[in-house]
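Novice: What follows is a predicted structure for the sequence shown.
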Amino acid sequence: MQCISPIVKSVIPAHICTMITEQYYAHIPDEVDFEHILHDKDFIDGAKKSVTLFGDHGLHHVTNVAEQVPLILKSVMQVYIPKREAKRLDFIERYGILIGFIHDIGMSDVSKFGRTMHGEFVAQEAFQPRFQPIFRALWDENVGNIPWTLLSLYHRGCFKQAPELIFREMLSLSVCHRKTLVPIDILNNPQKLQKEMQYYIYNTLHYQYYQNQIISATNALERAKKTHRGDIAKLTAALASAKNNFEHASRKEISADNLHKVLANYYQDFTHDCFAWLLNPEPKVRQLIADIVDTLRIIRCSDALRQRGTELKTSAQFQIFVNQFTAQAIYALTKKNGKMYFLELDDEVACGEANVSSSCFTKEGDLRFEFSRGYFHNAEATERALNYLAALIAQLDYDIFDTFIRGDFWQDGFVAKKRPRILLEKTDDCPQFTHRLVEKLVAINPALAKTVVVVPSLKNIPQIEYLRYLKADAVTWNDKQKHAFLKRVAATGQKMQRVDIHKAFQNARLARVAAKEIVFEVKTLPGFVYFPFASGLVGYPTGSYSPFDVTPFTPLGTTGVIRGDVRNATVIANKPVQLLIIPKDDYLAYWFATYAKDEFVRLVKSKKIR
């Protein structure tokens, strides 16, 4: 239970987290461990991948998805979703954390069927008897204040359905984390969403599975006929096989008799009553629906931006990482006795995800990606890394951009202020890698040419500096203000004549450090140069040298950045001070300049240096 963050436990009491974990997540690592792959007949006989090797969708994953909700909500509010009062924001955040923690309970079935149907599973599970103790605890504990909110609306006559049933249906909406199951046009249309949810709840998982196979095979065949691409005979046979599988499925698998008996405990008229509140015209209920749908948008984003790279592991905690020689994915398969086997696979998704060390929303609502490496030991590996990363990022961009498309139903007058930009960090080991990645992305989707931006690397920057920069405000100065700032910097002795104001400030940020706050520490790698707006910073250098006061507008931290080595001093604020922060790559490219001897001598003779 240690991996469940305080953010999650601030909404879901620890004992309920334990109930959910023990019933759905705790057993997953043991069922997909090293022994499982040894007995995975499909994998041994030639299947490309075993369920053992899929990325983690257990306890660590759902915790990560849930704890990202508050940060994403702050990033998208007023940019992609309308502004709310504090009470509604609290509802979205708490409901999002709750949904985030339960959205993958269907992964408790570790079979291929279970993984395929895990979305539909959670839609039905909210109604199943085995979920009842968890539901009862969630309701009785007023988790997230959601039950009380529903009771309040009920007592005010806003809807006729029992509040407990609406809460259960809200949990069932966890299925909406799967964009393929609930496309954005359905999520944006309550009438369509009601029908979709009724389908997922009313039909057995096996019935839906076989129908999905038929629909998928039919679409593939029709697409091949229309485009004249693909093996028509093979696709025709695949469709016939899918239909045959359904026809020969056992009645026990597809019969919904038992399921309908369970649903009869909640609905007298299923078609009319199930999710009926989605069609309620009452303004307060429409407001609730809008909050629920925007919460589901955030969950879709949080799931898409789940932890990867250094933190990427399977559900059995086998680490997945990229091979710098081949750009393929390596799985560190570890037995309980400590033996470890490095298994390498050419898997597009895993290879791409293993090279994404972080992905997140910025404060301004853009998508920022950092990569593990850009240098690979041969052209083939580099090309593979580029192709797999481009495919992954293009898909993530589509998923997230699509998520914030709003339908006509809401009629709230809100229009997204922007389209998310894709910010791709340079890789320290090969800066040109990211520029080539941009070319690959634009080849996949030409519309991204105006959206993709290469930004300075933040890799290996100490956490305190990294977070300060991401939380800081973008510089929105006009040209006059920029020139005025450069004049102040020049007065400290810096050579500013050739600074391009349009490039020099493009990734700059403004932040304020508090009294006693450390700006940076000795022996850490430099990521930024700082310009203080006032006195109040004190440096403590190595080598037994005396502390020094930092002069306002003098660049701070230049030594480590220019020589490409660790910091040689610790700098602490004695009082609150505003800072302009410049990433090291931008400082070196647009700010850094030296005086040649003859230039310096001319300044001395002209008495411009005093």
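Specialist: Structure received.
Novice: What ranges does the stretch 351-500 of the chain have for its helices?
Specialist: The residue ranges that make up the helices of the stretch 351-500 of the chain, judged by DSSP state H, counting those that start in this stretch, are 379-403, 432-444, 463-471, 479-490.
Novice: Please work out the average pLDDT along the last one.
Specialist: Helix 479-490 shows a mean pLDDT of 95.
Novice: on that earlier part again, so which of the helices of the stretch 351-500 of the chain is the most surrounded?
Specialist: helix 379-403 (a mean of 19; mean count of other C-beta atoms under 10 Å). Using the backbone N, CA and C atoms, a C-beta is placed for each residue, glycine as well.
Novice: Would you enumerate the residues in contact with the nearest residue to Q68 once chain neighbours are set aside?
Specialist: Nearest in space to Q68, with sequence neighbours left out and distances taken as C-beta to C-beta, 6 or more residues apart in numbering, is S302 at 4.3 Å. With contacts defined as C-beta atoms under 8 Å, 6 or more residues apart in numbering, the neighbours of S302 are 65-66, 68-69, 72, 96, 100.
Novice: Could you dump those into JSON lines with secondary structure and pLDDT added?
Specialist: Output for the contacts of S302, formatted as JSON lines (DSSP: H, G, I helix; E, B strand; the rest coil; pLDDT from 0 to 100):
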{"residue": "V65", "secondary structure": "helix", "pLDDT": "94"}
{"residue": "A66", "secondary structure": "helix", "pLDDT": "95"}
{"residue": "Q68", "secondary structure": "helix", "pLDDT": "94"}
{"residue": "V69", "secondary structure": "helix", "pLDDT": "96"}
{"residue": "I72", "secondary structure": "helix", "pLDDT": "95"}
{"residue": "G96", "secondary structure": "helix", "pLDDT": "97"}
{"residue": "G100", "secondary structure": "helix", "pLDDT": "97"}
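Novice: So of these, which two are at opposite extremes in space?
Specialist: Using C-beta to C-beta, the pair of the contacts of S302 lying farthest apart is A66 and I72, separated by 11.0 Å.
Novice: ok, the two, which is more surrounded?
Specialist: Legend: neighbour count by other C-beta atoms under 10 Å for A66 and I72, higher for A66 (25 against 22).
Novice: With adjacent residues omitted, what lies nearest to that one?
Specialist: Once flanking residues are discounted, A66 sits nearest to G100: 3.2 Å by C-beta to C-beta, 6+ apart.
Novice: try V79
Specialist: G365 (3.8 Å).
Novice: Tally up the residues packed near that neighbour, please.
Specialist: 21.
Novice: close enough to count as contact, it and K418?
Specialist: Yes. A contact is recorded between G365 and K418 when judged using C-beta atoms under 8 Å, the distance being 6.7 Å.
Novice: Report the contact partners of T570.
Specialist: Residues touching T570, when contacts are defined by C-beta under 8 Å, 6+ apart, comprise 518, 520-522, 539-540.
Novice: Next up, the contacts around A66.
Specialist: 5, 7-8, 96-101, 302.
Novice: Repeat that for W410.
Specialist: Contacts were defined as C-beta under 8 Å, 6+ apart; by that measure W410 touches 188, 290.
Novice: Numbering from 611 from now on, please.
Specialist: Okay, using 611 as the starting number, the last item reads as W1020.
Novice: gap between it and K789?
Specialist: With distances defined as C-beta to C-beta, to the nearest Å, the gap from W1020 to K789 amounts to 19 Å.
Novice: and what of L683?
Specialist: Using C-beta to C-beta, L683 is found at 19 Å from K789.
Novice: re the thing from before, mind checking which of the contacts of A676 land in helices?
Specialist: Applying DSSP state H to those, the entries found in helices are 617-618, 706-711, 912.
Novice: what is in contact with G975 and K1028 at once?
Specialist: Taking C-beta under 8 Å, 6+ apart as the contact rule, G975 and K1028 both touch V689.
Novice: following the helix or strand H1112 falls within, which helix or strand comes up?
Specialist: H1112 is located in helix 1111-1114, with elements delineated by DSSP states H and E. Counting by DSSP H and E, the next helix or strand C-terminal to helix 1111-1114 is strand 1119-1123.
Novice: Contacts for that next one next, please.
Specialist: Outside of strand 1119-1123, the residues within contact range by C-beta under 8 Å, 6+ apart are 1078-1079, 1081-1085, 1129, 1183, 1186-1191.
Novice: Next, count neighbours for Q808.
Specialist: Taking other C-beta under 10 Å as the criterion, the count of residues near Q808 is 18.
Novice: and L1189, helix, strand or coil?
Specialist: Here L1189 takes the strand state, with states given by DSSP: H, G, I helix; E, B strand; the rest coil.
Novice: how close does it get to L1147?
Specialist: Distance, L1189 to L1147, by C-beta to C-beta: 9 Å.
Novice: shared neighbours of the two, anything?
Specialist: Common contacts of L1189 and L1147, defined by C-beta under 8 Å, 6+ apart, comprise V1129.
Novice: Just name whatever secondary elements the helix or strand encompassing E954 is in contact with.
Specialist: When secondary structure is defined by DSSP H and E, E954 falls within strand 950-955. Here strand 950-955 is seen to pack against strand 939-944 when contacts are counted using 3 or more C-beta pairs under 8 Å, 6 or more residues apart in numbering; DSSP states H and E.
Novice: how much does the strand it packs on deviate in direction from strand 950-955?
Specialist: 150 degrees (axes from the mean of the first three to the mean of the last three C-alpha atoms, to 10 degrees).
Novice: Excluding covalently adjacent residues, which one is nearest to F856?
Specialist: Y820 (3.9 Å).
Novice: still on that earlier bit, strands paired with the strand holding E954, and their directions?
Specialist: Based on DSSP bridges, the pairing partners of strand 950-955 within the sheet are strand 939-944 (antiparallel).
Novice: Now do the same for the partner strand: mean pLDDT, whole number.
Specialist: Mean per-residue pLDDT for strand 939-944: 89.
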